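Enquirer: take this sequence and fold it.
(one chain, ligands or ions: 2)
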Amino acid sequence: MSTASNDETRSRGRAPAGERIADWADGRLGIYSLAKANMRKIFPDHWSFMLGEICMYSFIIIILTGVYLTLFFHPSMNEVEYHGSYIPLQGQLMSEAFNSTMHISFDVRGGLLIRQIHHWAAVVFLAGMFVHMMRVFFTGAFRKPREINWLFGFLLFVLGMFTGFTGYSLPDDLLSGTGVRFTQGAILSVPIVGTYISMFLFGGEFPGHDFVARFYSIHILLLPGIMLGLMVAHLILVFYHKHTQFAGPGRNNKNVVGMPLLPVYMAKAGGFFFLVFGFIALIAGIASINPIWAMGPYRPDQVSTGAQPDWYMGFAEGLVRAMPGWEINFWGHTLVLGVFVPLALFGLFLAVIALYPFIESWITGDKREHHILDRPRNAPTRTAFGAAWVAGYVIMLIGGGNDIIATHFHLSINAVTWFVRIAFFAGPVLTFIVTRRICLGLQRRDRDKVLHGRETGIIKRLPHGEFIEVHEPLSQEQLHTLTAHEQYRPAEIGPTTDENGVERKVGASEKLRVKLSNAYYGEDSQIPKPTVEEFKEITSGHGHH
Ligand code: HEM
Ligand code: HEM
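Expert: Ligands and ions are numbered 1, 2, ... in the order given. Sure, this is the predicted structure:
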């Protein structure tokens, strides 16, 4: 470096190096105007808004660890003899896929930890998506204009399930092979096209020599690629729509109250990434997941006992285990209802999630935008419906582990299966009724609080001897928050004659809509908010205690 250039660098008029780099980048990328527009973007604060972040961070962790695994994993079903460090399997024949996963686990530096982090991150990722989806559902954050983002999210959830499934099928151990066999059975049960799809996917008879290589491309490229694109679109839409917020003083459908992206939100989000990474690494460091050496390589003539899919696939397994093994035979064909019905129900369960925002907006007929969230209690039927859906999901998850539950709790497997069969119908109905009642109870409590204030627990004796509890009036802020929600009026069947007195036919869809609307917003489905008159009358002194 010459002295002249040193002098020049130190000369007064020159900007510091950081600024010069920023200027250079701005000239090419226009980052200043981008930052100006977005740096002060406001994010509201609520603990439940971090769930989406957990999904994002665990996805990044999955990609980072996945790339490391690709360096050592061999997606091939060629048969090799094992000569690694794990003595009990010495000399055994196995696929290269299994062999290389053993190699990753025992001989690659940090290999087992990275494998465990990858697998645990997948479990957390799907759990994160599930809970994030619940928060969006129970608060009504899926309403206009966020229906498309709900669909993007839904696709991420479904693709995540299948990416996880193709992932844990890769090591080609006895457990994963049993899972793949299960899936192939489900595909075969589809009338007409099932056999063809199975042949196409496995390149002939099961298991064939190709499925690991095919699942590999799907697992590391196709599905994560689509998911990455969807995730970016999802986040762009969150940015574009702006985040929702809970009701509170000063908050309305047109503003967002919170902290700016830079520096507050970025610092929080950056720190949170490392917390999530640290948490997943900690579990991965102490809790064994998928110890393939304990299962051994897959052999189609063996089934592992206690085979369990990862939790997010457990409910599909439960549906099959609980369903009676019905079959219909006709003209030399067999329709395996015992597997096909659960497969159809699996699709139905998922479809209900995808379509829910559209169903609800059809029932309410509400075309306005909503940026203020509902408290779950203020939408009792929706909340009850969501809780019933979760109950059904959990019951089928129990069904998917009927053997494990039977052996761990010393129960008969038939008893567990029958419990699951009955609970499949009764559980969601009971959950629906109980949840709705709880919501209505909470609404009544809110109404009481608004009208009569908070019960302080302080008992006062009046001069004439009567005992009363002192009620403390709520602050203006609390009053606002408890009464900010809107209440829909149930739809009614419109006039059945037009202006000329000509009778019109009421269509089945209109009747259904009115019925559903009454179930959602009828008299028994919400407690009327206190009106201003009621509030004034009570707080003006008459009847006030
Ligand atoms: C890869 C998976 C996912 C990632 C990384 C992700 C990320 C995020 C983030 C960071 C937010 C903003 C913060 C928050 O509200 O938590 C968000 C909002 C949202 N997400 Fe997701 N999400 C994922 C999956 C899902 C799923 C499965 C659904 C539903 C089926 C969903 C529906 C939504 C909706 C509707 C919003 C807007 C909510 C609002 O503004 O209040 N997302 N998502
Ligand atoms: C949402 C995305 C993903 C999910 C849910 C996921 C999940 C999984 C799971 C559960 C396994 C089984 C791990 C085990 O116990 O052995 C696995 C294996 C594997 N994954 Fe992923 N993965 C994802 C994305 C990726 C990506 C993007 C890559 C590569 C760039 C990758 C590379 C691998 C490899 C090479 C294996 C086989 C090695 C092994 O089984 O240890 N994965 N994945």
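Enquirer: going by C-alpha atoms from here, please, whenever you check contacts or count neighbours.
Expert: OK.
Enquirer: quick one, phi/psi of Gly110?
Expert: Note on Gly110: its backbone torsions stand at phi 70, psi 0 [degrees, to the nearest 10].
Enquirer: please disregard the earlier target; I meant Thr431.
Expert: Phi and psi for Thr431, reported as degrees, to the nearest 10, are phi -60, psi -40.
Enquirer: quick check: it touching Ala388?
Expert: Yes - the pair formed by Thr431 and Ala388 meets the contact definition of C-alpha atoms under 8 Å, at 5.3 Å.
Enquirer: per the record, what domains does this structure have?
Expert: The chain resolves into domains spanning 37-320, 375-494+506-544 when parsed by the TED database.
Enquirer: Serialize those domains to a markdown table and add fields for mean pLDDT.
Expert: As requested, the domains of the chain are arranged in a markdown table below (pLDDT from 0 to 100):
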| stretch | mean pLDDT |
| --- | --- |
| domain 37-320 | 93 |
| domain 375-494+506-544 | 91 |
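Enquirer: give me whichever of these is most buried.
Expert: The highest mean neighbour count among those, using mean count of other C-alpha atoms under 10 Å, belongs to domain 37-320: a mean of 18.
Enquirer: how about it and ligand 2, touching?
Expert: Yes - with C-alpha under 6 Å from any ligand atom as the measure, domain 37-320 is seen reaching ligand 2 through 62-63, 66-67, 69-70, 73, 101, 115, 119, 122, 160, 163-164, 167-168, 170-171, 219-220, 224, 290.
Enquirer: give me the element Phe182 is part of.
Expert: Following DSSP states H and E, the helix or strand that holds Phe182 is helix 174-188.
Enquirer: so which residues make contact with that helix?
Expert: With C-alpha atoms under 8 Å, 6 or more residues apart in numbering as the test, helix 174-188 has contacts from 168-170, 194-195, 197-198, 206-207, 292, 295-300, 302-304, 307-309, 339-340, 343.
Enquirer: that one: how far from the chain's middle?
Expert: A distance of 25 Å separates the C-alpha centroid of helix 174-188 from that of its chain, computed with C-alpha atoms, centre = their mean, to the nearest Å.
Enquirer: ditto for stretch 86-105
Expert: So, by C-alpha atoms, centre = their mean, the centroid of stretch 86-105 is 35 Å from its chain's centroid.
Enquirer: start to end distance for it?
Expert: Looking at stretch 86-105, the gap from its leading to its trailing residue is 10 Å under the measure C-alpha to C-alpha, to the nearest Å.
Enquirer: with stretch 369-380 instead?
Expert: End-to-end distance of stretch 369-380: 21 Å, with C-alpha to C-alpha as the criterion.
Enquirer: contacts for that stretch next, please.
Expert: Defining contact as C-alpha under 8 Å, 6+ apart, one finds that stretch 369-380 is touched by 138-141, 143-145, 243-247, 252-254, 383, 435-436, 438-440, 442-443, 485, 520, 525-526.
Enquirer: strands - which of these land there?
Expert: When these are checked against strands (DSSP state E), the matches are 245-246.
Enquirer: the contacts of stretch 369-380 in helices, which ones?
Expert: The members of these that map onto helices under DSSP state H are 138, 383, 435-436, 438-440, 442-443, 520.
Enquirer: in these, find the pair that's most separated.
Expert: The two members of the ones in helices among the contacts of stretch 369-380 with the most space between them (C-alpha to C-alpha) are Leu442 and Tyr520, at 16.6 Å.
Enquirer: list the contacts for Asp26?
Expert: The neighbourhood of Asp26, defined by C-alpha under 8 Å, 6+ apart, consists of Tyr32.
Enquirer: before we move on, what SS does it have?
Expert: When the structure is reduced to helix, strand and coil (DSSP: H, G, I helix; E, B strand; the rest coil), Asp26 reads as helix.
Enquirer: ok, Gly325 next?
Expert: coil.
Enquirer: Gly401 touches Gly318, doesn't it?
Expert: Yes - using C-alpha under 8 Å as the test, Gly401 is close enough to Gly318 to be in contact (7.1 Å).
Enquirer: and Thr334, which helix or strand is it part of?
Expert: When elements are assigned from DSSP H and E, Thr334 belongs to strand 333-335.
Enquirer: end to end, how far does stretch 482-498 reach?
Expert: Distance between the boundary residues of stretch 482-498 (C-alpha to C-alpha) amounts to 41 Å.
Enquirer: what's it in contact with?
Expert: With C-alpha under 8 Å, 6+ apart as the contact definition, stretch 482-498 has outside contacts at 247-248, 364, 374, 378, 446, 450, 503-506, 510-511, 513-514, 517-518, 520-522, 528-530.
Enquirer: picking up where we left off before, just give me how far the strand holding Thr334 sits from the chain centre.
Expert: With C-alpha atoms, centre = their mean as the basis, the distance from the averaged C-alpha position of strand 333-335 to the chain average is 36 Å.
Enquirer: tell me which residues in whatever helix or strand Leu350 lives in are buried?
Expert: Element membership of Leu350 [criterion: DSSP H and E] is helix 337-364. Of the residues in helix 337-364, those buried under the neighbour-count criterion (16 or more other C-alpha atoms under 10 Å) are 337-343, 346, 353-354, 356-357, 360, 363-364.
Enquirer: returning to what we had before: for the strand holding Thr334, packing partners?
Expert: strand 328-330 (3 or more C-alpha pairs under 8 Å, 6 or more residues apart in numbering; DSSP states H and E).
Enquirer: and the strand it packs on, how far from the chain's centre?
Expert: Here the centre of mass of C-alpha atoms in strand 328-330, compared against the chain's by C-alpha atoms, centre = their mean, lies 39 Å away.
Enquirer: which neighbours in the sheet does it have, and how are they oriented?
Expert: Strand 328-330 has the following strand partners under DSSP bridges: strand 333-335 (antiparallel).
Enquirer: in the strand it pairs with, which residues are buried?
Expert: Residues of strand 333-335 classed as buried: Leu335 (neighbour count, 16+ other C-alpha under 10 Å).
Enquirer: can you give me the strands for this protein?
Expert: For the chain, the strands defined by DSSP E cover 42-43, 79-81, 93-95, 245-246, 259-260, 328-330, 333-335, 372-373, 454-461, 467-472.
Enquirer: now those as JSON lines including distance to ligand 1?
Expert: Putting the strands of the chain into JSON lines (distance: least, C-alpha to the nearest ligand atom, whole Å) gives the following:
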{"stretch": "strand 42-43", "distance to ligand 1": "9"}
{"stretch": "strand 79-81", "distance to ligand 1": "36"}
{"stretch": "strand 93-95", "distance to ligand 1": "32"}
{"stretch": "strand 245-246", "distance to ligand 1": "7"}
{"stretch": "strand 259-260", "distance to ligand 1": "13"}
{"stretch": "strand 328-330", "distance to ligand 1": "36"}
{"stretch": "strand 333-335", "distance to ligand 1": "33"}
{"stretch": "strand 372-373", "distance to ligand 1": "7"}
{"stretch": "strand 454-461", "distance to ligand 1": "30"}
{"stretch": "strand 467-472", "distance to ligand 1": "33"}
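Enquirer: now for those strands, which one comes closest to Met133?
Expert: When the strands of the chain are ranked by proximity to Met133 (C-alpha to C-alpha), strand 372-373 comes first, at 14.1 Å.
Enquirer: can you list the strands that the closest one pairs with?
Expert: For strand 372-373, the paired strands and their directions (DSSP bridges) read strand 245-246 (parallel).
Enquirer: residues in contact with Gln361?
Expert: Slight slip there: residue 361 is Ser, not Gln. Taking C-alpha under 8 Å, 6+ apart as the contact definition, Ser361 lies against 143, 367.
Enquirer: how close does it get to Phe349?
Expert: From Ser361 to Phe349 the distance is 19 Å (C-alpha to C-alpha).
Enquirer: same question, Glu486
Expert: 30 Å.
Enquirer: one step back: pLDDT on the strand holding Thr334, on average?
Expert: Averaging the model's pLDDT scores along strand 333-335 yields 88.
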